[in-house]
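Visitor: curious how this folds, go ahead:
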Amino acid sequence: MYRLIVRLMARRQFGHLSAGRVDEFMSVFDDNSVFQFAGEHAFGGELRGAAQIRPLVERMRQTFTDLTVVPTLVLVQGWPWNTTVATQLDVRATLSDGTAYRNDGLQLLRLRWGKVVEDRVYEDTDKLHAALAVTAVA
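Guide: Numbering: from 1, shown residues only. Purely as a prediction, here's the structure:
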């Protein structure tokens, strides 16, 4: 039952992100959360604490105004005090020149009592670089 609840929570959080509800999306992050977006790009790097993570999330939403992140597979292991979640992601957006952005991603997440301890995101960086180059021209 716990794993089902966490899977539903993960899907709900990606729904908040996709709908632009940043406050709701950020509700699972706190001052101890670590967020890492792998790769050398505008979103890449490691941030610590909700105060550092939120501006990045807002910048992603500004860059990709119709960003949609759909979890296609959510795997959950552990207990409320130490939960690991692996999520396969389908990422979509419309770029500033009107072309479609499509990418696949993987999120590895560690939770403690419903709060994010670590959130590590991996996408195809070649596709992301190309999309960011289009948005930079605009």
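Visitor: which element is encountered next along the chain beyond the longest helix anywhere in the chain?
Guide: In the chain, with assignment by DSSP state H, the single longest helix is helix 2-18. For helix 2-18, the following helix or strand on the C-terminal side (DSSP states H and E) is helix 22-26.
Visitor: list the buried ones in that next one?
Guide: Neighbour counts over helix 22-26 (16 or more other C-beta atoms under 10 Å) mark Phe25, Met26 as buried. Placement of C-beta: from N, CA and C, glycine included.
Visitor: so what touches it?
Guide: Gln13, His16, Leu17, Ala50, Ile53, Arg54, Val57, Glu58, Arg61 (C-beta atoms under 8 Å, 6 or more residues apart in numbering).
Visitor: now, of these, which are buried?
Guide: Gln13, His16, Leu17, Ala50, Ile53, Arg54, Val57, Arg61.
Visitor: and the two most separated of these?
Guide: Ala50 and Arg61 (15.7 Å; C-beta to C-beta).
Visitor: what's the burial count for the closest residue to Thr94 other than its chain neighbours?
Guide: With C-beta to C-beta, 6 or more residues apart in numbering as the measure, Asp66 is the residue that lies nearest to Thr94, at 5.3 Å, once sequence neighbours are left out. Residues within reach of Asp66, counting by other C-beta atoms under 10 Å, total 12.
Visitor: tell me the secondary structure for Asp66?
Guide: Assigned by DSSP: H, G, I helix; E, B strand; the rest coil, the conformation of Asp66 is coil.
Visitor: same deal with the one 10 residues further on?
Guide: Here Val76 takes the strand state, with states given by three-state DSSP.
Visitor: so it sits against Met9, correct?
Guide: No. Assessed by C-beta atoms under 8 Å, Val76 is found out of contact with Met9, at 9.4 Å.
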